[in-house]
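Fold the stuff below for me.
(one chain, ligands or ions: 1)
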Amino acid sequence: MIETVFSVELPVREHLRVQKNRIVGAQLAKAAANDPQLLETAPRLAVVTGIHGDELEGQYVAFHLAQTLNAHLDQLHGIVDIYPAINPLGINAVERGVPGFDLDLNRIFPGDANGPLTEALAAAVMDDIEGAVACVDIHASNIFLREMPQVRINENSAAQLLPLAPLLNVDFVWVHASATVLQSTLAYSLNARNTPTLVVETGVGMRITPDDDRKLAEGLLRLAAHFGLWSGPFEAHGMPVISGDKAVSFLNAEVAGIFLAKARHGLRIGEGETIGQIVDPLQGVVMQEVVCPASGLLFTLREYPVVYPGSLLARVLKE
Ligand SMILES: [Zn+2]
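So this is what the prediction gives:
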């Protein structure tokens with residue numbers, strides 16, 4: 001059932017409406033027809049994406065998950081709420097933030113029901129999700145960098161979230177030091193209210209990577225099964241690499257030019273191997289050989305070719 005989470009009229013006959021698809025298992029739906037209160041207490045998984053309007057990988061995930069669940073409602077035991085577009089105006093305008101407000105929606109949580117429009121939107125989304133058995137907030141990378149499917153966890157909530165992360169079929173789990181954690185994100189705010197929330201980062205901005213996105217959607221079914229919400233089939237992939245105490249090397253451009261990747265993204269790379277070259281198309285010369293400083297997992301690789309000194313080219317999780 002499509003439900004409206006937040007709605008407001010905008011000038012010039014526009015409308016800002018955040019919607020969710022509430023998918024209710026067949027048995028629960030039948031019982032709730034007589035006792036609607038059952039829906040309030042039933043176990044519920046929340047899947048969120050589109051907080052950043054230029055990150056579209058989650059659109060495929062939302063589609064695949066909803067399509068699968070709808071086809072097997074008898075195997076769903078509870079509720080899955082899918083929120084495909086928390087920032088619908090951003091998605092329409094292909095903008096990260098909220099158009100017209102010049103604002104990153106993922107920096108104003110938990111919001112304020114009596115605050116300005118975007119704050120009220122954030123508060124409505126918080127209220128709607130709070131109390132779920134788990135929430136998964138799916139982001140994509142920007143247009144510049146391609147990411148392996150990964151879960152990012154703040155070390156403060158690692159004890160609770162680390163056992164759940166591998167269920168999502170990701171290749172990598174990056175546990176961040178608490179000093180680098182932003183407190184105004186949806187995930188931070190929901191975790192602070194005891195709704196376990198995992199952040200997924202995958203692919204590249206403004207694009208869909210169907211194979212990875214389908215794996216992730218299957219991982220959401222796997223997570224639902226873990227909570228007893230799903231008894232249907234799902235794909236289970238192997239254990240991800242977990243960052244743990246391992247250091248991450250950042251490789252940055254030393255010169256301006258066009259970056260040509262040579263290494264394969266998402267695979268192990270050895271010390272001294274070439275990640276790519278920065279070339280000068282005007283002169284026809286190689287300006288910089290980008291060499292891997294340490295063996296490890298190449299989990300981030302530049303997708304957008306134009307670089308300047310300091311541009312991020314790659315990240316390697318050192319072995
Ligand atoms: Zn994002």
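
what domains does the record give for this structure?
When the chain is parsed with automatic domain parsing, its domains come out as 2-242, 248-318.

Do any residues in the first one lie close to the ion?
Yes: shown here: domain 2-242 in contact with the ion (C-beta under 5 Å from the ion) through 52, 55, 139. Glycine gets a C-beta too; all of them are placed from N, C-alpha and C.

how near is the second one to residue 142?
With distances defined as C-beta to C-beta, to the nearest Å, the gap from residue 55 to residue 142 amounts to 8 Å.

Of these two, which one has the most company?
residue 55 (27 against 17; other C-beta atoms under 10 Å).

residue contacts, the more buried one?
Going by C-beta atoms under 8 Å, 6 or more residues apart in numbering, residue 55 touches 49, 96, 139-142, 205-206.

For it, give its distance to residue 103.
Distance, residue 55 to residue 103, by C-beta to C-beta: 16 Å.

how about low-confidence regions in this protein?
179-180 (pLDDT under 70).

Look through it and tell me its longest helix.
Longest helix of the chain, by residue count under DSSP state H: helix 210-226.

Residues contacting that one from elsewhere in the structure, which ones?
For helix 210-226, the surrounding residues in contact (C-beta under 8 Å, 6+ apart) are 45, 47, 57-58, 60-61, 64-65, 68, 76, 80, 134, 136, 138, 149, 164, 167-170, 200, 202-203, 230-237.

Surely residue 295 and residue 249 touch.
No: contact criterion C-beta atoms under 8 Å: residue 295 and residue 249 do not qualify, at 10.2 Å.

Give the intersection of the neighbour lists for these two.
residue 318.

hmm, back to that, show me what counts as buried in the longest helix of the chain.
212-225 (16 or more other C-beta atoms under 10 Å).

same check, this time on stretch 139-151
139-142, 144-151.

Determine how far that stretch lies from the middle of the whole chain.
The chain centre lies 9 Å from the centre of stretch 139-151; the measure is C-alpha atoms, centre = their mean, to the nearest Å.

Quote the end-to-end distance of it.
Stretch 139-151 has an end-to-end distance of 10 Å (criterion: C-alpha to C-alpha, to the nearest Å).

ok, now stretch 49-63?
Start-to-end, stretch 49-63 (C-alpha to C-alpha) is 11 Å.

what about the residue in the stretch 201-319 of the chain that the ion sits nearest to, neighbour count?
With C-beta to the ion, the shortest gap between the stretch 201-319 of the chain and the ion falls at residue 201, namely 7.3 Å. Residue 201 has 22 neighbouring residues, counting by other C-beta under 10 Å.

again with residue 90
Applying other C-beta under 10 Å, we find 24 residues neighbouring residue 90.

Among the buried residues of helix 210-226, which pair sits farthest apart?
212 and 225 (20.2 Å; C-beta to C-beta).

Strands along the stretch 1-150 of the chain, start to end?
2-9, 15-24, 44-49, 79-83, 134-140, 145-154 (DSSP state E, counting those that start in this stretch).

ok and the last one relative to strand 134-140, angle-wise?
To tie it back to what came earlier, the one meant is strand 145-154. Calculated by axes from the mean of the first three to the mean of the last three C-alpha atoms, to 10 degrees, strand 145-154 forms an angle of 150 degrees with strand 134-140.

immediately after strand 145-154, which helix or strand?
Using DSSP states H and E, the helix or strand that follows strand 145-154 in sequence is helix 158-161.

Name the surrounding residues that touch that next one.
Helix 158-161 has contacts (C-beta under 8 Å, 6+ apart) with 151, 153, 175, 191, 196-198.

And those, which is closest to residue 12?
Nearest to residue 12 among those, counting by C-beta to C-beta, is residue 197 at 35.1 Å.

Hmm, that closest one is touching residue 137, no?
Yes: between residue 197 and residue 137 there is a contact at 6.1 Å, judged by C-beta under 8 Å.

Identify the contacts common to those two.
186-187.

for residue 267, what are its contacts?
Contacts of residue 267 (C-beta under 8 Å, 6+ apart): 297-298.

Could you list everything the residue of the stretch 101-250 of the chain found nearest the ion pairs with in the sheet?
Across the stretch 101-250 of the chain, the shortest distance to the ion (C-beta to the ion) belongs to residue 139, at 3.3 Å. Per DSSP bridges, the residues bridged to residue 139 are residue 201.

check contacts around it.
Counting by C-beta under 8 Å, 6+ apart, residue 139 makes contact with 49, 51-52, 55, 57-58, 199-202.

at 10 Å instead, please
Residues in contact with residue 139 (C-beta atoms under 10 Å, 6 or more residues apart in numbering) are 48-52, 55, 57-58, 106, 147, 152, 185, 187, 199-203, 205.

Give me the neighbour count for the closest residue in space to residue 89 that isn't next to it in sequence.
Of all residues not flanking residue 89 in the chain, residue 99 sits nearest, at 5.1 Å (C-beta to C-beta, 6 or more residues apart in numbering). Neighbour count for residue 99, taken as other C-beta under 10 Å: 15.

roughly how far apart are the nearest residue to residue 229 once chain neighbours are set aside and residue 252?
Leaving aside its chain neighbours, residue 229 sits nearest to residue 78 (4.4 Å; criterion: C-beta to C-beta, 6+ apart). Distance check for residue 78 against residue 252: by C-beta to C-beta, it reads 46 Å.
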